[in-house]
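Asker: The amino acid sequence is not available; the structure is as follows:
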């Protein structure tokens, strides 16, 4: 009985290895392509709040829907070009270079409660804001191969951080005076860590040679890898990871400070035209050469693809986590997941719908795939947001497109 069970298990694994398709099925032997995607979202305001003949600002309603962690805005951009060579027995060789950027801004809930409900005479409220934005340039080389029923993929990547923008101090004070007027004072202190000095940009003395020389330094290193094999017939599984090994270095710092004072007759006056404008005072920028270490987020997870009727229909699932600013005191953990369904007609026309949470944003997308072997277009749109339900109400949007040529 034991021998029969062992023989059945071996036969089952071999059959699975023969009939299970890899999660990312190559469409061409050799191909060149470009890809771009981007999105912008928030966790409170929806499309219906703006798409009106006459916009009405209901501060009480806005305050009700702002989460306890505050009003959040997120953005993400990715653009790349790539080359892939896919040969017999799972051998894959690829090269990719591109730019990726992301950013978020958070404003504490206190300001919305103040606008909706006000405060007692003479009472002071404090409002905080946070902001972080990063941009990277990267170049990688990927190599993949089969060993038995396993497929391995190794992706070493050179990463050059371009900019890190961080709100070191963003604080506001609001006081309700005895006569009903509102006095506000805002202090903003923003630090830019950059690959090259920002002083020539602000002084209109930019030098492309200086930028080129600076970009020769500060490179970091990531290593990505994945292990894939059939779990059973029609179900393919993969474990993946992207581990920052050497952080990149930003060598220049620019510190910008601004203060704002503002006084109006009341909350209503803050939203009416004709009122006095806020008075901003910008201090001189402070430039310095200061080293700042920056890595792309660490990512670890697993993915499966179930194809019950062959290649033309697939159900995929992904579950993992990421760590932003790994190996630092600012490290931030977040979960990631994605579920998608893909269906094609004769492998020429395909439709893919997905829902997931990545880069700390919920995304629901639908895309159209046109594959004529020598040319492929994969494009679509998405709704995005910091809240799952509000995504469907237009709290954010995005788009993506990939074009490939080859054979």
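Answerer: Perfect, I can see it now. These figures come from a predicted structure and were not determined experimentally.

Asker: For residue 353, give the beta-bridge partners.
Answerer: residue 341, residue 366 (DSSP bridges).

Asker: again, but for residue 158
Answerer: residue 139, residue 221.

Asker: which residues touch it?
Answerer: Residue 158 makes contacts with 138, 139, 140, 219, 220, 221, as judged by Cβ atoms under 8 Å, 6 or more residues apart in numbering. C-betas here are computed from N, CA, C, even on glycine.

Asker: ok, of the residues you listed, which come out buried?
Answerer: 138, 140, 219, 220 (16 or more other Cβ atoms under 10 Å).

Asker: Am I right that residue 62 sits in a helix?
Answerer: Yes. Counting by DSSP: H, G, I helix; E, B strand; the rest coil, residue 62 is part of a helix.

Asker: coming back round to it: ok, so of the contacts of residue 158, who is nearest residue 161?
Answerer: Of all the contacts of residue 158, residue 161 sits closest to residue 220, with 7.0 Å by Cβ to Cβ.

Asker: surely that closest one meets residue 250?
Answerer: No. Counting by Cβ atoms under 8 Å, residue 220 stays clear of residue 250, with 10.4 Å between them.

Asker: Which neighbours do those two have in common?
Answerer: 161, 294.

Asker: Point out where the chain drops to low pLDDT.
Answerer: Counting by pLDDT under 70, the ranges of the chain that qualify are 1-20, 48-61, 117-120, 122, 178, 180, 265-278.

Asker: And the helices in it?
Answerer: Taking DSSP state H as the test, the helices found in the chain are 2-19, 59-65, 110-117, 199-202, 208-214, 388-391.

Asker: Kindly tell me how buried residue 89 is, as a neighbour count.
Answerer: 8 (other Cβ atoms under 10 Å).

Asker: Not including adjacent chain positions, what is the nearest residue to it?
Answerer: Excluding the flanking residues, the one nearest residue 89 by Cβ to Cβ, 6 or more residues apart in numbering is residue 146, at 5.3 Å.

Asker: Quick check: that neighbour vs residue 152, distance?
Answerer: 8 Å (Cβ to Cβ, to the nearest Å).

Asker: Then residue 104?
Answerer: 35 Å.

Asker: So if I had to pick from the two, which one is more boxed in?
Answerer: Set side by side, residue 104 and residue 152 show more neighbours around residue 104, with 20 against 16, by other Cβ under 10 Å.

Asker: Who does that one form a beta bridge with?
Answerer: Applying DSSP bridges, one finds that residue 104 bridges with residue 74, residue 132.

Asker: Just give me the closest of the buried ones among the contacts of residue 158 to residue 172.
Answerer: Sorting the buried ones among the contacts of residue 158 by distance to residue 172 puts residue 220 at the head of the list, at 35.8 Å, by Cβ to Cβ.

Asker: need the strands for the stretch 301-407 of the chain, in chain order.
Answerer: 313-324, 332-345, 349-358, 361-371, 375-385, 396-406 (DSSP state E, counting those that start in this stretch).

Asker: Also the stretch 151-300 of the chain?
Answerer: 182-194, 220-232, 235-246, 248-264, 279-282, 286-294, 298-306.

Asker: mind giving me CSV with those and columns for distance to residue 99?
Answerer: As requested, the strands of the stretch 151-300 of the chain are exported to CSV (distance: least, Cβ to Cβ, whole Å):
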stretch, distance to residue 99
strand 182-194, 15
strand 220-232, 15
strand 235-246, 17
strand 248-264, 14
strand 279-282, 29
strand 286-294, 15
strand 298-306, 18
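
Asker: distance of residue 363 from residue 264?
Answerer: For residue 363, the distance to residue 264 equals 39 Å [Cβ to Cβ].

Asker: What is the neighbour count of the nearest residue in space to residue 315 that is not next to it in sequence?
Answerer: Nearest non-adjacent residue to residue 315, counting by Cβ to Cβ, 6+ apart: residue 306, 4.7 Å away. Burial measure for residue 306: 15 neighbouring residues, criterion other Cβ under 10 Å.

Asker: OK, contacts around residue 306?
Answerer: Counted by Cβ under 8 Å, 6+ apart, residue 306 has contacts 234, 235, 236, 314, 315, 316.

Asker: burial count for residue 380?
Answerer: 19.

Asker: and if you look at residue 330?
Answerer: Neighbourhood size, residue 330 [other Cβ under 10 Å]: 10.

Asker: now swap in residue 249 and tell me
Answerer: Count around residue 249 with other Cβ under 10 Å applied: 17.

Asker: Please name the nearest non-neighbouring residue to it.
Answerer: residue 218 (4.1 Å).

Asker: pretty sure that neighbour contacts residue 247?
Answerer: No. Counting by Cβ under 8 Å, residue 218 stays clear of residue 247, with 9.6 Å between them.

Asker: about what we covered before: which of the contacts of residue 306 are buried? Put it as a ChimeraX command.
Answerer: Buried members of these, identified by 16+ other Cβ under 10 Å, are gathered into one ChimeraX selection as follows:
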select :234,236,314,316
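
Asker: Out of the contacts of residue 306, which comes closest to residue 174?
Answerer: Nearest to residue 174 among these, with distances taken as Cβ to Cβ, is residue 316, at 48.6 Å.

Asker: Now do the same contact list for residue 46.
Answerer: Going by Cβ under 8 Å, 6+ apart, residue 46 touches 390, 393, 394, 395.

Asker: Pull the most distant pair out of these.
Answerer: 390 and 394 (8.1 Å).

Asker: Who has more neighbours out of those two?
Answerer: Relative neighbour count places residue 390 above the other of residue 390 and residue 394, with 22 against 18, counting by other Cβ under 10 Å.
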